[in-house]
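**Student:** need a structure here:
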Amino acid sequence: MKLVLIGATGGTGLQIIDQAIDRGHHVVAYCRRPDALKPRPGLTIVGGHLDDRDALAAALSGADAVLCALGPKAGLAGMFGVTVMQDNLPLITSAMRDAHIDRLILLSAYGVGDTARTASPLARFAYKTLVASAYRDKEISETALAAAGLDVTRVLPVILDDGPLNPHATVRPMSTVRKVSGLPKVSRATVAAAILDAAESGATTGERLLVSAPGTISG
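**Tutor:** Prediction:
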């Protein structure tokens, strides 16, 4: 498959590149800082900005799927006044329509929108305080995404860490989830695998897939 990756230089994006190439896919990384990535077989690096609609559409041409792993900046800058997804997701979807690409795998987060109702009290408190701005940004942009007419799968991980890929992690549609206990974590490597699994399967179109640690989900 030809996969176009937006957000390639972030922690999850780097994991997606490694795993996608290992699976035999070709990755086109469209990014603002092409010098942040090392050229390698199976990877095409395209420098550009998301507001350059023609350049982005050209990079998307012939893709089987677009993988969006954009996220807010780390630290305090990512806690207040976050609009990264509201600003950029419409640019991506417009370029996808220009390039006649329908399949989008979007990295979201567990706790965004109505998914928070299945979280523990501690987790809900964190979603309403520490990450409230980033999660509100995701909610607004994803609500607007419904009008884009694309085949979308949203991947919703719990708290991310940099641990190894966990083959025993749980990936389940949110429609089957009743409760997520505690404040679980899952590695970026595990989330990257879930994103690629979704890209390889049309069966997940329209789904919101929760990715969490083993034993944390009840349905």
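**Student:** Which positions in the host helix or strand of residue 56 come out as buried?
**Tutor:** If you go by DSSP states H and E, residue 56 is part of helix 53-60. For helix 53-60, the neighbour count (16 or more other Cβ atoms under 10 Å) marks 55, 56, 57, 59, 60 as buried. Backbone N, C-alpha and C define where each C-beta goes, glycine included.
**Student:** Stretch 36-47 now?
**Tutor:** 37, 43, 45, 46.
**Student:** JSON lines please, covering the residues you listed and showing distance to residue 91 and pLDDT.
**Tutor:** Listed next are these as JSON lines, based on distance: Cβ to Cβ, whole Å; pLDDT from 0 to 100:
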{"residue": "37", "distance to residue 91": "21", "pLDDT": "96"}
{"residue": "43", "distance to residue 91": "23", "pLDDT": "98"}
{"residue": "45", "distance to residue 91": "19", "pLDDT": "98"}
{"residue": "46", "distance to residue 91": "15", "pLDDT": "97"}
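**Student:** Could I get the residues you listed in CSV, plus columns for secondary structure and distance to residue 135?
**Tutor:** Converted to CSV, the buried residues of stretch 36-47 look like this (DSSP: H, G, I helix; E, B strand; the rest coil; distance: Cβ to Cβ, whole Å):
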residue, secondary structure, distance to residue 135
37, coil, 28
43, strand, 31
45, strand, 31
46, strand, 30
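**Student:** Report the beta-bridge partner residues of the closest residue to residue 37 other than its chain neighbours.
**Tutor:** Counting by Cβ to Cβ, 6 or more residues apart in numbering, residue 37 lies nearest to residue 45, which is 5.1 Å off, once chain neighbours are set aside. With DSSP bridges as the criterion, residue 45 is bridged to residue 29.
**Student:** so residue 45 touches residue 31, yeah?
**Tutor:** Yes - contact criterion Cβ atoms under 8 Å: residue 45 and residue 31 qualify, at 7.2 Å.
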